[in-house]
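Undergrad: I need the structure of the sequence given here:
(2 chains)
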Amino acid sequence: MTRQLAPHPSTKPTKPGPAAAPKRRRWTQRTRRDFFVFLALALPNLVLIAVFTYRPLVSNIYYSTLDWTLGSPSATVVGINNYVTFFTSDDASKVLGTTAIFTVVTVGGSMILGLLIALALNAKVRGTTFARSAVFAPYVLSGVGVGLVWLFIFDPGYGVLAWLLRGIGQQSPQWINDPQLSLVMVILVYVWKNLGYCAVVYLAGLQSLPQDVMEAASLDGANGFRRFITMSLPLLSPTTFFLLITSLLSSLQAFDLIRIMTPLGTGTSTLIYEAYLQAFGAFNRAGYSAAISVILFAILLVITVFQLRFVERKVHYS
Amino acid sequence: MSSLSPVNPDPTAPPTQAPDPVIPRDRPFSRRNLVQAVLGGYVPLILATLVVFLPLLWMVLSSFKQPGEIITMDLEILPEGLNLQNYQIAMTTVPFGQFFLNSAIVTAAGASVKVVLAILTAYALVFVRFPFKNVIFMLILVALMVPPQVSILPNYILISGMGGKNTLWGIILPGLGTAFGTFLLRQHFLTLPNSILESAEIDGAGHWRRLWRIVVPISVPSIATVALVTIVSEWNEYIWPLIITDRPDTMTLPVGLTLLQNSESNASGWGILMAGAVLVIVPILIVFAALQRYIVAGLTQGSVTG
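TA: All right, here's what the predicted structure looks like:
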């Protein structure tokens, strides 16, 4: 690899060549050399991305047309049967419903709480730098570890939450056994883990607001709340849009917490978790799992395309 | 502190804006200002910090507790002593030492290869002439949006077919291509002043030398950002190692913790599970505490540029 990269003395492009040498030829040599340098530098990464990111997208579409038990040597082509099964069975309403609730509540919850925390972090008092790092910390921690810690807190017998509820004379709900409460529990922990990200991004947005405009409004007598609603919030809309897209994408991919807190996925089986359970849970239904992955990817693609178009328009018209 | 904005640790970035003009306000220690600072400033800050810290503190405290201190109707906040028994049990029930080693190898090998690949690709995309570079960059951008979760089944079939099940290389290989690092470093390389590289080129330095002698040394903060974000995500990576390993000798820490969870399913096991959680969470917490500036910057990148 290095051999190609080390410039051969005779091809050094910038050394002024013999006066008679035509300019175009030097340029061509340099172009050809750069062509190989580029391949040597970028090809390993590009091949890896092609094999492990792009190829699976195509493979998934192919697998989704098969009736195939994972590990079995034979498979039957069934066309769009897996999709038909998904959309005509209870799975569709159950899984899509869970995905929708989980996504909407976690995205909304992390963004609203994140914005409130960002406003607190934007106060001109000491200690904001420390608090900013503190609220961001859960975002970088292992979902497996975090999930276990919260599972203990939610434990109906010996958890902190049960103890607090006993203090006010209440029984702890059965977080694990009740499918709906399981979903509530996973959503709460997911928001806890991710709101620091929204807070820090919103804080950056708040700090890049034009100070002179905000101060003019302040001198005009607009109070804090009014200033926030009529000025900060509209000015923050690019940040809000960015967070909406990134949070949507990551909520749709949430896996770790669901796996640790509700391994069977009762009440918490989102698209990604259902795809995992179908292939790697009890059933080994690889074709069906691939079909669910394709549906998930289609949703992610729509969001991404929507984002790109929106950004493009913003760039064009501003 | 200027780094409050999603920090750009980039030394060549334009200087931060001038300090706010001073506006006349009440005297600094007037009663009104103090009350406002406490209610509007400190109370929400402290609340937010506590909501984050209390569960983690609870994890650490519980990891030192005996089953008798956990299975009780009265909450005992502090453990009776610094009892390491839970850690011992956790480490003998499942081979935690092995998990730790596996996680360290996967993280170190995976992250170093990814960072090098990101540097090489980003350099090629910015400084080397090549047809259709924009198309290639677009393909990398799109790859950034493809979640690894939708690729697990095809990658499982490929890697297990290659004999990579229950091997460390099988865990590492599918994640090596890096769209994130390439994207981030490309954006940074584009801001480097062209004049430095041109003068190096005139001095006869080839691409290889320009890359390692000039571009890399002046991009250390950005490379550190990419490296740290990569290390954190490799360490926490869960779904892929979970699928590709089912034997303890090649499991990483998060997968091993799941194994521990399965074997400690009754209430007396909480202390042991918390000890396991500490072993997974605390190393990253330490790295984060020391280098949070870069990690936060890397993870929130793009938010300001849109």
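Undergrad: nearest the geometric middle of the chain, what residue?
TA: You didn't say which chain, so I picked chain A. A centroid search over chain A (CA atoms, centre = their mean) returns A:Ser250, at 2.1 Å, as the residue closest to the centre.
Undergrad: was after chain B, sorry
TA: Closest residue to the average C-alpha location of chain B: B:Val232 at 2.6 Å, with CA atoms, centre = their mean.
Undergrad: circling back to that earlier point, quick one: the residue nearest to the centre of chain A and A:Asn194 touch, right?
TA: Yes - the pair A:Ser250 and A:Asn194 passes the contact test of CB atoms under 8 Å, sitting 7.2 Å apart. From N, CA and C alone the C-beta is placed, and that goes for glycine too.
Undergrad: tell me the contacts of B:Gly41?
TA: Applying CB atoms under 8 Å, 6 or more residues apart in numbering or on different chains to B:Gly41 gives the contacts A:120, A:123-125.
Undergrad: same question, B:Thr182
TA: Taking CB under 8 Å, 6+ apart as the test, what B:Thr182 contacts is A:45, B:117-118, B:121-122, B:125, B:140.
Undergrad: do B:Gln98 as well
TA: For B:Gln98, the contact set (CB under 8 Å, 6+ apart) comprises B:248-249, B:251, B:256.
Undergrad: check the gap between it and B:Leu253 for me.
TA: With distances taken as CB to CB, to the nearest Å, B:Gln98 is found 10 Å from B:Leu253.
Undergrad: for A:Ala290, same thing?
TA: Noted for A:Ala290: a distance of 29 Å to B:Leu253, by CB to CB.
Undergrad: how about the helices in the stretch 1-150 of chain A?
TA: A:2-5, A:23-49, A:55-63, A:81-88, A:90-121, A:128-140, A:143-154 (DSSP state H, counting those that start in this stretch).
Undergrad: now do the longest one: which elements does it pack against?
TA: Contacts of helix A:90-121 with other secondary structure elements, assessed using 3 or more CB pairs under 8 Å, 6 or more residues apart in numbering or on different chains; DSSP states H and E, are made with helix A:128-140, helix A:179-207, helix A:237-252, helix A:271-280, helix B:43-62.
Undergrad: the second one and chain B in contact?
TA: Yes - contact check for helix A:179-207 against chain B, using CB under 8 Å from any CB of the partner chain: residues in range are A:192, A:196-197, A:199-201, A:203-205, A:207.
Undergrad: now those as JSON lines including pLDDT, neighbour count and distance to A:Met261?
TA: Formatted as JSON lines, these follow (pLDDT from 0 to 100; neighbours: other CB atoms under 10 Å in any protein chain shown; distance: CB to CB, whole Å):
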{"residue": "A:Trp192", "pLDDT": "95", "neighbour count": "21", "distance to A:Met261": "12"}
{"residue": "A:Gly196", "pLDDT": "91", "neighbour count": "25", "distance to A:Met261": "19"}
{"residue": "A:Tyr197", "pLDDT": "91", "neighbour count": "25", "distance to A:Met261": "20"}
{"residue": "A:Ala199", "pLDDT": "92", "neighbour count": "27", "distance to A:Met261": "23"}
{"residue": "A:Val200", "pLDDT": "91", "neighbour count": "28", "distance to A:Met261": "25"}
{"residue": "A:Val201", "pLDDT": "91", "neighbour count": "27", "distance to A:Met261": "26"}
{"residue": "A:Leu203", "pLDDT": "91", "neighbour count": "27", "distance to A:Met261": "29"}
{"residue": "A:Ala204", "pLDDT": "88", "neighbour count": "19", "distance to A:Met261": "31"}
{"residue": "A:Gly205", "pLDDT": "88", "neighbour count": "25", "distance to A:Met261": "32"}
{"residue": "A:Gln207", "pLDDT": "87", "neighbour count": "17", "distance to A:Met261": "35"}
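Undergrad: out of the residues you listed, which comes closest to B:Gln149?
TA: Using CB to CB, A:Tyr197 is the member of these that lies nearest B:Gln149, at 18.5 Å.
Undergrad: would you agree that closest one is in contact with B:Leu299?
TA: Yes - judged on CB under 8 Å, A:Tyr197 makes contact with B:Leu299 at a distance of 6.9 Å.
Undergrad: any common contacting residues for those two?
TA: A:Tyr139.
Undergrad: okay, now residue 282: neighbour count?
TA: No chain was given, so I picked chain A. Burial measure for A:Ala282: 8 neighbouring residues, criterion other CB atoms under 10 Å in any protein chain shown.
Undergrad: let me rephrase: I mean chain B.
TA: Neighbours of B:Val282 (other CB under 10 Å): 16.
Undergrad: let me see the mean pLDDT of the helix or strand where it lies.
TA: Taking DSSP states H and E as the criterion, B:Val282 maps to helix B:270-299. For helix B:270-299, mean pLDDT rounds to 88.
Undergrad: what's the angle between it and helix A:179-207?
TA: Relative orientation of helix B:270-299 versus helix A:179-207 (axes from the mean of the first three to the mean of the last three CA atoms, to 10 degrees): 30 degrees.
Undergrad: for helix B:270-299, buried residues please.
TA: Residues B:270-285, B:287-288, B:291-299 are the ones in helix B:270-299 that count as buried (16 or more other CB atoms under 10 Å in any protein chain shown).
Undergrad: same thing with stretch A:285-304?
TA: Applying 16+ other CB under 10 Å to stretch A:285-304 flags A:285-297, A:299-300, A:304 as buried.
Undergrad: now do the contacts for the residue of chain A found nearest chain B.
TA: Chain A approaches chain B most closely through A:Leu48 (3.0 Å), counting by CB to the nearest CB. Counting by CB under 8 Å, 6+ apart, A:Leu48 touches B:117, B:176-178.
Undergrad: at 6 Å what do you get?
TA: A:Leu48 makes contacts with B:176-177, as judged by CB atoms under 6 Å, 6 or more residues apart in numbering or on different chains.
Undergrad: B:Ile244 against B:Gly170, yeah?
TA: Yes - using CB atoms under 6 Å, B:Ile244 is in contact with B:Gly170, at 5.1 Å.
Undergrad: domains for the chain, by residue range?
TA: Picked chain A for this. As given by automatic domain parsing, the domain ranges for chain A are A:2-63, A:94-317.
Undergrad: that answer is for a different chain, and I need it for chain B
TA: Domains of chain B are assigned by automatic domain parsing as B:26-87, B:90-299.
Undergrad: for chain A, name the helix or strand with the lowest mean pLDDT.
TA: Using mean pLDDT, DSSP states H and E, helix A:2-5 stands out as the lowest-scoring helix or strand of chain A, at a mean of 34.
Undergrad: quick check: phi and psi at A:Ser74.
TA: Backbone torsions for A:Ser74, taken as degrees, to the nearest 10, come to phi -120, psi 150.
Undergrad: number of nearby residues for it?
TA: 8.
Undergrad: out of the domains of chain B, the one nearest A:Ser133 is which?
TA: Using CB to CB, the nearest of these to A:Ser133 is domain B:90-299, at 4.7 Å.
Undergrad: returning to that earlier point: among the contacts of B:Gly41, which ones are buried?
TA: The neighbour count (16+ other CB under 10 Å) marks A:120, A:123, A:125 as buried among these.
Undergrad: in the stretch 151-300 of chain B, which residue sits nearest chain A?
TA: B:Gly177 (3.0 Å).
Undergrad: my reading is that that residue lies in a strand. Confirm?
TA: No - B:Gly177 is assigned coil when assessed by DSSP: H, G, I helix; E, B strand; the rest coil, not a strand.
Undergrad: what residues are up against A:Ser64?
TA: Neighbours of A:Ser64 in contact, by CB under 6 Å, 6+ apart: A:82, A:290-291, A:294.
Undergrad: what does the stretch 101-250 of chain B put close to chain A?
TA: Applying CB under 6 Å from any CB of the partner chain, we find that the stretch 101-250 of chain B lies next to chain A at B:117, B:120-121, B:124, B:128-130, B:143, B:145-147, B:149-151, B:153-155, B:174, B:176-177, B:201-202, B:204, B:206-208, B:232, B:236, B:238-239, B:243.
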